[in-house]
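Trainee: predicted model follows, preceded by the sequence.
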2 protein chains.
Amino acid sequence: MMRRPTLHAVAARAGVSKSSVSRVINGEPTVAPSIRETVLAAVAELGYVPNGAARNLVTQRTNTIAIIVSDPPQGLVSDDPMFAMVVRAASRELERTGFQVSLVLAGSDDSRRRVEQYLAGGHVDGAILVSMDGADPLPASLSRTGLPIVSHGRLATPGLMPWVDNDNQGGATQAVQHLLDQGRRRIATISGPLDMTAAQERLAAYRDTLKDTGRRSIVALGDFTRISGAEAMRQLLDDDPQLDAVFAANDLMAIGALRTLREAGRRVPDDVAVIGFDDIEAARYTAPALTTIRSPMTDQAVRTTQLLLDLLSTGAATPVVLPTELIVRESA
Amino acid sequence: MMRRPTLHAVAARAGVSKSSVSRVINGEPTVAPSIRETVLAAVAELGYVPNGAARNLVTQRTNTIAIIVSDPPQGLVSDDPMFAMVVRAASRELERTGFQVSLVLAGSDDSRRRVEQYLAGGHVDGAILVSMDGADPLPASLSRTGLPIVSHGRLATPGLMPWVDNDNQGGATQAVQHLLDQGRRRIATISGPLDMTAAQERLAAYRDTLKDTGRRSIVALGDFTRISGAEAMRQLLDDDPQLDAVFAANDLMAIGALRTLREAGRRVPDDVAVIGFDDIEAARYTAPALTTIRSPMTDQAVRTTQLLLDLLSTGAATPVVLPTELIVRESA
DNA sequence: GCACACTCAGGGAACGTTCCCTGAGAGGGA
DNA sequence: TCCCTCTCAGGGAACGTTCCCTGAGTGTGC
């Protein structure tokens, strides 16, 4: 394969110095129109494209941002809509502002070391951490690199970096209140994994809201997947066959719960009301359609990206909490 | 922010030449144990991490692979499970083999130029194209860069690059045959966007299979999204209220169709049988559970990645077709 | 008419690695 | 004992840019 042309080659072709070519390439104004034209012609003729590595080396910038998502350790590859929405929205925003995106999966402990090395190796100008769980040591160690980093979702350890999250507490309160308003008496919940702040906050809000009414909480644990929602629902039905409402901490688990209820012969919402959280697109397509709390996922990703851009340009950024909204459909 | 230590600094600290440090870092065997130890100590002490750009510049390699996915031009961000599955599986495989992943969204014409420049700029060692539609000029222009590139999904223009696809024709034939075996008489289909080869092949197989039985085809067009499936189903019911089966070219559209049928008061599968394609996880959670054709998405992504690795190491790679499987659940 | 400012092109160091080449020293064979 | 080979450390060029600095040339003000 032929070696790609360099700045030098263009300079020779155009009969000018490489400094001038560099100036034209970078759009500096202090260059005579005649030279600019000659250079542009030579660039087009040779098909010149600046070498990224050389540029990065001398400028000490890469124009690349890492999106770091935690990868479930199990061999399974999940179709989590969150992943698609967040990665897509953030990537789009980054590309719009002229950055490349480096996607990094943080799975095993082994890969964590790799991530640290990668960030420390100057490959990126900054990073976005997506939905890290509280047990993960990665945020702490990465924040020590001194690189500009923001988190999509509040971290368990406060103060490490700026973040953007939705109002989990407010949303969960809305959800449970809606069930109460309907006159539901035994309201259970399917919680997310408790090492994630979103799950903690939603569970806490559920408990607080119920407590005010003197009702007892009925809790089953899931991990934000459909199958865990289905299993948790089965367990809830065993624990309390009389329950007449369930608040699932996300839509995926609500979808799982819906399936279990159907298998158990319970009618939704007549026998049991179900409400989810997130308002993913699939929530419009369940039978019955899922009542849920809309959390602005795309928005959150965009805002997180903008927070990083702020951090890069101004050196400072403050956390953001986005409001949620109750979406009433058929299931509650 | 303090400048990160360089090879030179480590060499000075360890009292050896930078050549020796470089040798230790890169694990070359021709270095005395005593020197290796001293260097390793200095590396640990200073927290040295090699600079990526400098390394890339001199080695002419980046250890980075681009995953290029077409981004729908509409402002919408979709939660397409395909995106999550494919990007995740491919990324995991790439990271496992020591590559970084650069995620590139190819949307507007403007961004296409950006992508070409990016690949030509030597930022990556190779690229994976994901599910490009036939109208997209990107594959052709990218293959002209001479970079090793493979495609996830067969391209409309053959011969541009190696690819991995599943057996669309076989799968669609299985699906329609299953409906015929059930004694269904009026079998409609919801096709995907016809500029994608997967949609073309599935539609062609539907037509061929029906033709052999003397039945006429009833076709509505979708674009692989849930909402398009719902709309197409509505149109099909208008066109032929007597239809008793639908083959949707993917599960997302089947899910949309299911909703329309429910709204129209048709029972599935009693009145109308529905069969999808892909076997995404959500297919297990519809009511009724979706009968579908399993296409090995994760597998396909992994195989595509391996194809690229082959291409990188051996310079050659041949297309792969993966088999599909009929998964019978409740909807047909 | 002369000095001075101002514009703009070119030369070359620097960025932080890798890798080739040289050469010092050790070891072994005749 | 001498020479040849072999091992392994160091020096320095090269990778392809950017950017600072120098200096040539032109224009301007008095």
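Mentor: Perfect, I can see it now.
Trainee: can you give me phi and psi for A:Val126?
Mentor: Quick fix: residue A:126 is Gly, not Val. Backbone geometry at A:Gly126, expressed as degrees, to the nearest 10, gives phi -180, psi 180.
Trainee: can you check A:Ile293 too?
Mentor: phi -110, psi 120.
Trainee: A:Val274 too?
Mentor: With angles defined as degrees, to the nearest 10, A:Val274 sits at phi -130, psi 130.
Trainee: distance-wise, check the residue of the stretch 151-300 of chain A found nearest chain B relative to A:Asp279.
Mentor: With Cβ to the nearest Cβ, the shortest gap between the stretch 151-300 of chain A and chain B falls at A:Ala287, namely 4.4 Å. Bear in mind the C-beta positions are built from the backbone N, C-alpha and C, glycine included. The gap separating A:Ala287 from A:Asp279 is 17 Å, by Cβ to Cβ, to the nearest Å.
Trainee: higher neighbour count, those two?
Mentor: A direct count of neighbours by other Cβ atoms under 10 Å in any protein chain shown for A:Ala287 and A:Asp279 places A:Asp279 higher, at 23 against 18.
Trainee: what sits against that one?
Mentor: A:251, A:292-295, A:327 (Cβ atoms under 8 Å, 6 or more residues apart in numbering or on different chains).
Trainee: so A:Val164, which of the three states?
Mentor: strand (DSSP: H, G, I helix; E, B strand; the rest coil).
Trainee: just the pLDDT at it, thanks.
Mentor: Among the per-residue scores, A:Val164 holds a pLDDT of 97.
Trainee: if I look at it, how far off is A:Val302?
Mentor: Relative to A:Val302, A:Val164 is positioned 9 Å away (Cβ to Cβ).
Trainee: of these two, which one has the most company?
Mentor: With neighbours defined as other Cβ under 10 Å, A:Val164 and A:Val302 compare such that A:Val164 has more, 25 against 19.
Trainee: so A:Ala172 makes contact with A:Phe277?
Mentor: Yes. If you go by Cβ atoms under 8 Å, A:Ala172 and A:Phe277 touch, sitting 7.0 Å apart.
Trainee: shared neighbours of these two, anything?
Mentor: Taking Cβ under 8 Å, 6+ apart as the criterion, A:Ala172 and A:Phe277 both touch A:202, A:247, A:249, A:293.
Trainee: now, which of the residues you listed lie within strands?
Mentor: Among these, the members found in strands (DSSP state E) are A:247, A:293.
Trainee: may I ask which of the shared contacts of A:Ala172 and A:Phe277 has the most neighbours?
Mentor: A:Ala249 (33 neighbours).
Trainee: which ones are touching that one?
Mentor: Neighbours of A:Ala249 in contact, by Cβ under 8 Å, 6+ apart: A:172, A:189-192, A:198-199, A:202-203, A:222, A:224, A:277.
Trainee: out of the residues you listed, which are close to DNA strand D?
Mentor: Among the contacts of A:Ala249, no residue sits close to DNA strand D (Cβ under 7 Å from any atom of the strand).
Trainee: closest to DNA strand C among these?
Mentor: A:Ala198 (38.9 Å; Cβ to the nearest atom of the strand).
Trainee: got the phi/psi numbers for that closest one?
Mentor: phi -60, psi -40.
Trainee: what's the local residue count around it?
Mentor: When counting by other Cβ under 10 Å, one arrives at 24 neighbours for A:Ala198.
Trainee: do A:Pro323 as well
Mentor: For A:Pro323, the count of nearby residues is 12 (other Cβ under 10 Å).
Trainee: give me the nearest residue to it, chain neighbours excluded.
Mentor: Excluding its sequence neighbours, the residue lying closest to A:Pro323 (Cβ to Cβ, 6 or more residues apart in numbering or on different chains) is A:Asp167, at 5.5 Å.
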